[in-house]
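1. what's the 3D shape of this:
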Amino acid sequence: MSHMTDDMVTALRPLLVAEATAEADASGAEPADLEQAVWLRLLERLDTDGPPADPAAWVRGAVRSEARRAGHTASIERPYASEEPADDSRPGPEQLALRAARRRALHSAVRRLPGRCPRLMAALLSPKDLTYREIAGELGISQGSLGPERSRCLGCLRRMLTVEVAASEPRG
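-> Predicted structure coming up:
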C-alpha cells in the first residue's frame with residue numbers, strides 16, 4: 001500500500017469501528033464482521049477506482065450497506081429448530097463403512113476355510129436365520145454332527161482371522 005493509503009486506513013479505523021458498532025445491533029451482525037466486509041470493499045475499490053473522494057462519507061455508506069445486507073441475510077436464515085434431539089443411535093457413514101469392511105473380510109475368510117466349512121459358515125451367517133435342522137438338511141449331514149462341525153469351523157476361522165489381524169497391525 002502506498003503511504004497515502006496507509007494514512008487513510010489509520011484515519012478511517014476509529015470511524016469504521018464506531019459506525020460498525022452502532023449499526024451491528026440493528027442488523028444482527030457482529031461489529032467485527034461489518035468492519036471486515038467494509039475493509040474488503042475498500043480494498044476492492046482501491047484496486048478498481050482508487051480512493052473515494054470523501055472517505056468518511058464512503059465508510060458511513062459502506063457500513064450501512066453491509067449492515068442492511070447482514071440484516072437481510074439474518075431475516076431469511078432460520079436456525080433449525082426441532083422438538084426432538086438428533087438421533088445419534090443410528091450409525092453414521094464411518095460406522096457403516098467399517099461394518100461393511102468387516103463383513104467383507106469375514107466372508108472372504110469364510111470362503112477360504114477348508115472342507116465343508118465355507119458352506120456351513122455361510123448357512124450360519126445367512127440372513128434367513130436357518131435352524132440347525134434346515135442347515136443339516138441343506139448340507140446333507142446329520143443334525144447331531146452339526147455342532148462339532150460348527151466348533152471345528154469356528155476354530156479354523158478364529159485362527160485364520162487372528163493371523164490376518166496380527167499381520168495387518170502396524171509394528172512399532
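
2. please state the offset of the strand or helix carrying residue 163 from the chain centre?
-> Element membership of residue 163, judged by DSSP states H and E, is helix 143-168. For helix 143-168, the separation from the chain centroid amounts to 37 Å (computed by CA atoms, centre = their mean, to the nearest Å).

3. tell me the mean pLDDT for it?
-> For helix 143-168, mean pLDDT is 86.

4. low-confidence regions, the protein specifically.
-> Within the chain, the stretches with pLDDT under 70 are 1-5, 74-88, 168-172.

5. ranges for the helices of it?
-> Using DSSP state H, the helices of the chain run over residues 3-27, 31-48, 55-76, 93-111, 117-125, 132-139, 143-168.

6. just name the most buried of these.
-> Across these, the average number of neighbours (mean count of other CB atoms under 10 Å) peaks for helix 117-125, which reaches a mean of 18. In this view, the C-beta of every residue, glycine as well, is placed from N, C-alpha and C.

7. contacts for that one, please.
-> Residues from elsewhere that reach helix 117-125 (CB atoms under 8 Å, 6 or more residues apart in numbering): 106-107, 110-113, 130, 135, 138-139, 146, 149-150, 152-154, 156-157.

8. domain ranges for the protein?
-> 3-76, 96-168 (automatic domain parsing).

9. contacting residues around residue 10?
-> Applying CB under 8 Å, 6+ apart, no residues qualify as near residue 10.

10. now the phi/psi pair for the residue with the largest distance to the centre of the chain, please.
-> Distance from the C-alpha centroid of the chain, by CA atoms, centre = their mean, peaks at residue 142 (51.2 Å). Per-residue torsions, residue 142: phi -70, psi 150 (degrees, to the nearest 10).

11. wait, it sits on residue 136?
-> Yes - counting by CB atoms under 8 Å, residue 142 does reach residue 136; the two are 6.2 Å apart.

12. picking that back up, among the domains of the chain, which comes closest to residue 89?
-> Closest of the domains of the chain to residue 89 is domain 96-168, at 13.6 Å (criterion: CB to CB).

13. starting at the chain centroid, how far to the closest one?
-> 35 Å.

14. quick one on the thing from earlier: would you list the domains of the chain in CSV and tack on distance to residue 90?
-> Output for the domains of the chain, formatted as CSV (distance: least, CB to CB, whole Å):
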stretch, distance to residue 90
domain 3-76, 31
domain 96-168, 9
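
15. and the residue lying closest to residue 45 once chain neighbours are set aside, how many residues sit next to it?
-> Closest residue to residue 45 apart from its sequence neighbours, by CB to CB, 6 or more residues apart in numbering: residue 52 at 6.7 Å. By other CB atoms under 10 Å, the residues close to residue 52 number 17.
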